[in-house]
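>>> I need the structure of the sequence given here:
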Amino acid sequence: MTTTIRIDDEVYAWLQKHGRPFESPNTALRRIAKLEPEVLRIAPVKKLQRERSRPGKELQKLWNIPSLHTLSDTAGTFYQNLKQFPGALCDRHGYIIFKTEKIYRNTDGVQVGAKTNVPKGISTLKGYVKKE
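Alright, predicted model coming up:
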């Protein structure tokens, strides 16, 4: 978000004196006030976009996963619920298969409610298959 502010001639002259060549007034004020540079505030968003996980169907084909329903999450911790079995949950490094709904709902470390939560990640579960 940007906001327009008005400054008098004396403040503008001070800002020009303390600014660097080709530096915008906003960048100069951030530097002088020791605020985080705007570039650093934007970088994590771009990083997250680069790390988006591939869709479950794509990973199922790529890794030849024998499942009827495959879901993915980059971190391997939060998913929609599996609806068909055998079903698979994937992270960016591998997957785990649940042969039946009963096994899926009763696996230690897997919390099935409105969504599926695996707080420690699927890579910590017995039966996890590592891929690269």
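>>> ok, and the closest non-adjacent residue to residue 95?
Nearest non-adjacent residue to residue 95, counting by C-beta to C-beta, 6 or more residues apart in numbering: residue 88, 5.0 Å away. C-beta here means a position set from N, CA and C on the backbone, and glycine is covered the same way.
>>> How is that neighbour assigned, secondary-structure-wise?
Under DSSP: H, G, I helix; E, B strand; the rest coil, the three-state class of residue 88 is strand.
>>> which residues does it bridge with?
Judged by DSSP bridges, the bridge partners of residue 88 are residue 70, residue 97.
>>> On the pLDDT front, check residue 9 for me.
Per-residue pLDDT puts residue 9 at 89.
>>> And it, how far from residue 25?
Per C-beta to C-beta, to the nearest Å, residue 9 is found 14 Å from residue 25.
>>> of these two, who's got more company?
Set side by side, residue 9 and residue 25 give different neighbour counts by other C-beta atoms under 10 Å, the larger being at residue 25 (13 against 7).
>>> show me what contacts the more buried one?
Taking C-beta atoms under 8 Å, 6 or more residues apart in numbering, we find residue 25 in contact with 15, 19.
>>> Alright, calling it a day.
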